[in-house]
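Enquirer: Give me the fold of what follows.
(chains A, B and C)
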Amino acid sequence: MQLNREELLQSYRTMCTIREFEERVHTEFSEGGIPGFVHLYAGEEASAVGVCSHLDDRDNIASTHRGHGHCIAKGCDVVGMMKEIFGRGDGLCGGKGGSMHIADLSRGMMGANGIVGGGPPLICGAALTAKTLKTGGVAVAFVGDGASNQGTTLESFNLAKVWNLPVIFVVEDNGYAEATASAWSVAGTQAKRAAAFGMTAHELDGNDFFAIHQAAGEVIERARDGGGPSLLHVKLTRYFGHFEGDAMSYRAPGEVETARRERDPLKFFRQRVTAAGLLEPAQLDGIESEVRSLIDQSVSLSKSAPAPSPERLLTDVYVSY
Amino acid sequence: MTSEIKALAMPKWGLAMTEGAVTAWLVEEGATLREGDEILEIETTKITNVYESPAAGTLRRRVVAAGETVPVGALLGVVADASVPDTEIDAFVARFQEEFSVEAAASAEAAGPEPRFVDAGGQRLRYLVMGDGKGEEGVAPLVLIHGFGGDLNNWQFNQPMLAEDRPVYALDLPGHGGSAKHGVVGGVPELARAVRDFLNALGIQRAHLGGHSMGGAVALHLAAEEPARVASVTLVCSAGLGHDINIDYIEGFIAADRRKEMKSVLETLFADASLVSRDMVEELLKYKRLDGVASALRAIADASFADGRQSHVLVDRLEGVGAPVQAVWGAADRIIPAAHARTVPAERRHVLDGAGHMVHMEKAGEFNRLMSDFMSMA
Amino acid sequence: MSKKSYRQAINEALAQEMRRDPTVIVMGEDNVGGMGAPGEDDAWGGVLGVTKGLMPEFGRDRVLDTPITESAFIGAAVGAAATGLRPVAELMFVDFLGVCFDQIFNQAAKFRYMFGGKAVTPVVIRTMYGAGFRAASQHSQCLYPIFTHIPGLKVVVPSSAYEAKGLLIQSIRDNDPVIFLEHKVLYDEIEEVPDEPYTIPFGEANLTREGDHVTIVALGRMVGFANKAADMLEKEGITCTVVDPRTTSPLDEDTIIEAVEDTGRLVVVDEASPRCGMAADISALVAQSAFKALKAPILMVTPPHTPVPFAPELEDAYIPTPDKIADAVRRVMA
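Expert: Residues are numbered from 1 along each chain as shown, chains lettered A, B, ... in the order given. Now for the predicted structure:
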């Protein structure tokens, strides 16, 4: 699964966009400009981008409460997302969803989800649609290690297998379900769980975009060809707390700093492509600076955008009532 | 006068009627009656109407009291000549009551006329036929054609009585009642073609036609196109005689999908708005809920009442209709003005007071006599 | 037009909509029956035979048996609806709601609002409810008030075969998530039902009769009971208007209020538990909007606030009856 130069540039741009977006939300949140609470995806970029770079608009994904990265990787409008997180009337969901409910069904993004384990059953449905209407589409459920213990996830493993659905379950294991270590909360292993349901599974280093991209490409292609569901277990590091404001007292001292320094997925990507002579550092620098101005622009537009008008309280409950 | 004793039995008005309530007696026991005199009022779940004396004589007994509800076929009262002894009357009542049972009435009802279906020119049409013309050869049957949004039940107070003299067919036009709802296009000419196909399918060579409202225009169109097949035409509050039409009624009927809207729309059909019952409203809503009805009504309305006017005015074709034509109208018609009746010669037009667009329901007795007399002369 | 049972009416609605629209699919536990088993195909057609015959006509791709996995398949129905199908999923007994509620009230109900009006989720969840089957506490509840409480859901409680067919076709064509509650005791009740497809609009109450003295509002199986009570009362000179709201969400508030304004008295009959139930809700509505029209206090006829018992004597004592309804009417007339 060789990536051409264009694809490499696009993948790097998307990972950078996620990183810059999250770092900036972190800053803006601490300054008090963002209502509610947010869960940031920084450090996990290679997973979303490694998987979603194989997908197009006929494919659906379901995300989690930590959903910004999946949204960006699936093509949601970044300015619209930022406005949504600021609660603005012209946000991607009109300011009615916020960080945990960003969705764009026209891009096959079925929503970040405030319910841990909410996505896998929905994604079985999206896969059923693809299978019934023979669209050739696949459906990807991103879940965390926390959701991997929910009955909905395990029931969905079974249903996807029994119905032979084109589903990929991506377990993004950042080591913690909220403040509880996955080393303690998950019995057995993700791969053995998948094997018990008769699904192929890959254990992947979440910092290695290329490994994720390679494995995702294989299982997605198999699913498109009617080969049924698979599971990817991606081990990664979240750079921020479970939510913004989390003091992370349950983590080892220096844990995040070490990861950022030694195993950062963006740095890893840069090293690989420049060492192989596939891209020039200047190209990557250029992308970073373009991304920075996009995020700057999204924040300044969000700050000046109007709040939803009061009558929007009552709209969009039903198509008709 | 004969010594015949005549039973007044609960009539069956409409396919769904199983029982009726006597709401009021209009004459006392001992009153002298002519045939057609109004004797009592009956209320069904759908409508209230008067019961007319089937014969001349004296009202000898009122068997059912006002306020009572009894099944179809039950004895309401007895008419006989004053000379018939009371003992005979009592014996007649006793015998009737002994022989009558609800179960028997119910099974007789089941054996009674049921609507049938016929494939007419590729369309499945529902119709109800009553009467055999007393077996007389050569008696032209009557074919009754309802109006826009109506069905064969609109003739429930007419068809049984008119069937005493000849076979009477009431059909559902395409898009209406129990007939096919899909593929309905066009207006009066297309519907007239469907009626012609109906006659062909049933092997009816020549018939009297009775058409209500839009059904009148259909009858007239058919009579003009196929004069040899039409013995007479009775136009009832008919379309086709002028451009005026209450387009608010047409559009209101098409739009109404809620009980309240439908009730207020239907009230414009009657001089006495209280005749619009819960069941009548419900029955029409049930019809309108069927797949295909909305588009069929829309197609017919677009072809027949574009720009708020009648599209098919056939006055200049009246000459070409060889058969005699009469018009019967309700003076209080709020759908098509009674003034349109003036296109028919004075001696053949009848504008009845106290009736609206549904003159054949509101003034059923008078209407039935006018129709019956007209057809026997034609 | 022919006589059909409530069960046949529902089956016919499903079959006609599946013929009309290839995106309509049916799924549920044993909706076909016998999947993977050595016996006959289409072995069950649902636990009470409602979906029998669909698989032979439409095939296993459109009539899906599911494992016993309500969270997964109800969620899958919701996800399929959001991506282009019109699934009719059967949650066998409404009591099983407890294992899939998230998929209904956090996902299906809220997509459209959370996503700023950009989601359409035309899913129908058919489910059996109600006491009278000697099925005890976990197979007999009337949980429609719980769904009614959730904005974003539509809730349909058909009272007869005619109602069931028209309301189910409307549910399938409707673009919002619909919970369609079938009373299992009504399955063999028969009435005239048109052979053609038809729709009954939501939020339009039915008046099964009109009277002068008391308005009875009743839902589902209780509509028939209210009519029986009204028949008995008519012989005593008390005439009743019986209102069947048909849908608890949307609720036809106007018809209820107008009926109470006409009669001045209200008895609400609900087979659901009394606290936060439809009887309480409708009573509150009338107290708020038609208080001045009331000539007597509103009475609610509901079961006691207990689970549904098993022993026949206890279950019979639990369920509202025509006699209990008639008693309540006499009390508001006193």
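
Enquirer: okay, CA-based contacts and neighbour counts for the rest of this
Expert: Will do.

Enquirer: ok, now which ones touch residue 204?
Expert: If you meant another chain, say so; for now it's chain A. A:211-212, A:232-235 (C-alpha atoms under 8 Å, 6 or more residues apart in numbering or on different chains).

Enquirer: The intended chain is chain B.
Expert: Counting by C-alpha under 8 Å, 6+ apart, B:Ile204 makes contact with B:Pro141.

Enquirer: distance of it from chain A?
Expert: Going from B:Ile204 to chain A by C-alpha to the nearest C-alpha, to the nearest Å gives 50 Å.

Enquirer: Check the gap between C:Phe105 and chain A for me.
Expert: 11 Å.

Enquirer: isn't there a strand covering C:Glu196?
Expert: No. Membership of C:Glu196 in a strand is not supported by DSSP: H, G, I helix; E, B strand; the rest coil, which gives coil.

Enquirer: Kindly provide the distance from the residue nearest to it when sequence neighbours are not counted to C:Val329.
Expert: Spatial nearest neighbour of C:Glu196, chain neighbours left out: B:Leu290 (6.5 Å); criterion: C-alpha to C-alpha, 6 or more residues apart in numbering or on different chains. Using C-alpha to C-alpha, to the nearest Å, we find B:Leu290 at a distance of 36 Å from C:Val329.

Enquirer: Contacts only, for the spatially most central residue of chain B.
Expert: Nearest to the geometric centre of chain B sits B:Trp155, at 1.6 Å (C-alpha atoms, centre = their mean). If you count contacts by C-alpha under 8 Å, 6+ apart, B:Trp155 has them with B:144, B:146, B:170, B:360-361.

Enquirer: now swap in B:Val276 and tell me
Expert: Residues in contact with B:Val276 (C-alpha under 8 Å, 6+ apart) are B:46-47, B:263, B:266-267, B:270.

Enquirer: pLDDT weak spots in chain B?
Expert: Low-confidence segments of chain B (pLDDT under 70): B:1-3, B:102-112, B:133-137.

Enquirer: all helices of it, in order?
Expert: For chain B, the helices defined by DSSP state H cover B:86-99, B:102-111, B:159-162, B:188-202, B:214-225, B:247-255, B:259-267, B:278-289, B:293-304, B:359-362, B:364-377.

Enquirer: from these, which stretch is densest packed?
Expert: Mean neighbour count (mean count of other C-alpha atoms under 10 Å in any protein chain shown) peaks for helix B:214-225 among the helices of chain B, with a mean of 28.

Enquirer: Residues contacting it, please?
Expert: The list of residues contacting helix B:214-225 from outside it, by C-alpha under 8 Å, 6+ apart, reads B:145-148, B:188-189, B:191-193, B:195-196, B:209-211, B:229-230, B:233-241, B:312-314, B:317-318, B:320-323.

Enquirer: change it to 7 Å
Expert: Here helix B:214-225 makes contact (C-alpha atoms under 7 Å, 6 or more residues apart in numbering or on different chains) with B:145-148, B:188-189, B:191-192, B:209-211, B:230, B:233, B:235-236, B:238-240, B:317, B:320-321.

Enquirer: Going through those residues, which ones are buried?
Expert: Among the contacts of helix B:214-225, those buried by neighbour count (16 or more other C-alpha atoms under 10 Å in any protein chain shown) are B:145-148, B:188-189, B:191-192, B:209-211, B:230, B:233, B:235-236, B:238-240, B:321.

Enquirer: so how far is B:Thr69 from C:Glu234?
Expert: 12 Å.

Enquirer: ok, back up a step: more neighbours, B:Leu290 and C:Val329?
Expert: C:Val329 (28 against 19; other C-alpha atoms under 10 Å in any protein chain shown).

Enquirer: Now do the same contact list for the more buried one.
Expert: Counting by C-alpha under 7 Å, 6+ apart, C:Val329 has contacts C:214, C:267.

Enquirer: count of neighbours near residue 2?
Expert: Looking at chain A here, since you left the chain open. Residues near A:Gln2, counting by other C-alpha under 10 Å: 9.

Enquirer: meant chain C actually
Expert: Using other C-alpha under 10 Å, C:Ser2 has 10 other residues around it.

Enquirer: Can you tell me which residues in the stretch 201-350 of chain B are near chain C?
Expert: B:258, B:289-291 (C-alpha under 7 Å from any C-alpha of the partner chain).

Enquirer: let's see it at 8 Å
Expert: Residues of the stretch 201-350 of chain B lying near chain C by C-alpha under 8 Å from any C-alpha of the partner chain: B:257-259, B:278, B:289-291.

Enquirer: would you list every one of the helices in chain A?
Expert: A:5-30, A:45-52, A:68-73, A:78-85, A:119-132, A:151-162, A:182-185, A:190-196, A:209-224, A:255-262, A:265-275, A:281-304.

Enquirer: what's the angle from the first one to helix A:45-52?
Expert: With axes from the mean of the first three to the mean of the last three C-alpha atoms, to 10 degrees defining the directions, helix A:5-30 sits at 130 degrees from helix A:45-52.

Enquirer: Show me what helix A:5-30 is packed up against.
Expert: The helices and strands touching helix A:5-30, judged by 3 or more C-alpha pairs under 8 Å, 6 or more residues apart in numbering or on different chains; DSSP states H and E, are helix A:45-52, helix A:68-73, helix A:265-275, helix A:281-304.

Enquirer: redo that, cut-off 10 Å
Expert: With contacts taken as 3 or more C-alpha pairs under 10 Å, 6 or more residues apart in numbering or on different chains; DSSP states H and E, helix A:5-30 sits against helix A:45-52, helix A:68-73, helix A:78-85, helix A:209-224, helix A:265-275, helix A:281-304.

Enquirer: what's near enough to touch the closest residue in space to C:Thr83 that isn't next to it in sequence?
Expert: Of all residues not flanking C:Thr83 in the chain, A:Ala126 sits nearest, at 5.8 Å (C-alpha to C-alpha, 6+ apart). Shown in contact with A:Ala126 (C-alpha atoms under 10 Å, 6 or more residues apart in numbering or on different chains): A:58-62, A:108, A:110, A:120, A:132, A:137-140, A:165-167, C:76-85.

Enquirer: quick one: which helix or strand includes C:Asp327?
Expert: helix C:322-333 (DSSP states H and E).

Enquirer: Just the buried positions in that helix, please.
Expert: Buried residues in helix C:322-333 (16+ other C-alpha under 10 Å): C:322, C:324-326, C:328-329, C:332.

Enquirer: Closest to chain A out of those?
Expert: Using C-alpha to the nearest C-alpha, the shortest approach to chain A within the buried residues of helix C:322-333 belongs to C:Ile325, at 31.3 Å.

Enquirer: thinking that closest one is in contact with C:Val269, fair?
Expert: Yes. Using C-alpha atoms under 10 Å, C:Ile325 is in contact with C:Val269, at 7.3 Å.

Enquirer: and for the two, which residues touch both?
Expert: The contact lists of C:Ile325 and C:Val269 share C:216, C:218, C:222, C:225-226, C:299-302, where a contact means C-alpha under 10 Å, 6+ apart.
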